[in-house]
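Asks: Okay, here's the prediction I keep looking at, along with the sequence it came from:
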Amino acid sequence: MTSTFPDDTAVRAAEELREALVQYEIAADVHDGYGLALVSVSVDLIVWCRGDQFWWRTGWNPRQRRPVYARHPLVEPDRAAHRIALRYAELRQIHPLPESRAAYSS
């Protein structure tokens, strides 16, 4: 994939996506390097940012034995965040987060 954007575009887009996910009460981390940025939403949901799009895994195609991905333009981080929030909710139904534990005091 050839990019017509400067190298920092992926990082800026990833940061915008991370900020947009806050409205859905989803915390995420951004990692970057080599012209690619990752938005780590959860163990089973990573969003890649490069070129002109975000993409993330949405499932598995058993017939072709490969993952299925969703894509969204980098210029629409708010709309991408909405779609990612829907996927996050699906994954939380399949794999609920552990209940928080009370902090131990000494």
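Replies: Structure's in. What do you need?
Asks: make it CA atoms for all contacts and neighbour counts henceforth
Replies: OK.
Asks: what ranges do the helices span in the protein?
Replies: Applying DSSP state H to the chain gives helices spanning 9-21, 77-94.
Asks: what helices or strands is the longest one leaning on?
Replies: Helices and strands touching helix 77-94, by 3 or more Cα pairs under 8 Å, 6 or more residues apart in numbering; DSSP states H and E, are helix 9-21.
Asks: Need the residues that contact the helix it packs on.
Replies: With contacts defined as Cα atoms under 8 Å, 6 or more residues apart in numbering, helix 9-21 is touched by 27-32, 35-39, 49-51, 74-75, 77-78, 80-82, 85.
Asks: what does stretch 22-40 give?
Replies: 7-8, 10-11, 14-15, 17-18, 21, 41-42, 46-50, 82, 85.
Asks: Now it: buried residues?
Replies: By 16 or more other Cα atoms under 10 Å, the buried positions in stretch 22-40 come out as 26, 28, 30, 35-40.
Asks: hmm, which two among the residues you listed are most spread apart?
Replies: Greatest spacing in the buried residues of stretch 22-40, by Cα to Cα: Ile26 and Gly35 (24.7 Å).
Asks: and the gap between the residue sitting nearest the centre point of the chain and Phe54?
Replies: Nearest to the mean C-alpha position of the chain, counting by Cα atoms, centre = their mean, stands Val47 at 3.1 Å. Val47 sits 6 Å away from Phe54, going by Cα to Cα, to the nearest Å.
Asks: Then Asp44?
Replies: To Phe54, Asp44 is 16 Å away according to Cα to Cα.
Asks: what does Arg92 give?
Replies: From Arg92 to Phe54 the distance is 21 Å (Cα to Cα).
Asks: Show me which of these two is the more surrounded one.
Replies: Phe54 (25 against 13; other Cα atoms under 10 Å).
Asks: Dig out what the more buried one forms beta bridges with.
Replies: Beta-bridge partners recorded for Phe54 (DSSP bridges): Cys49, His72.
Asks: quick one: contacts for it?
Replies: By Cα under 8 Å, 6+ apart, the residues touching Phe54 are 47-48, 71-74, 80.
Asks: Contacts only, for the closest residue to Arg66 other than its chain neighbours.
Replies: Spatially, and ignoring its direct neighbours in sequence, Arg66 is nearest to Trp60 (5.9 Å; Cα to Cα, 6 or more residues apart in numbering). By Cα under 8 Å, 6+ apart, the contact list for Trp60 reads 66-68.
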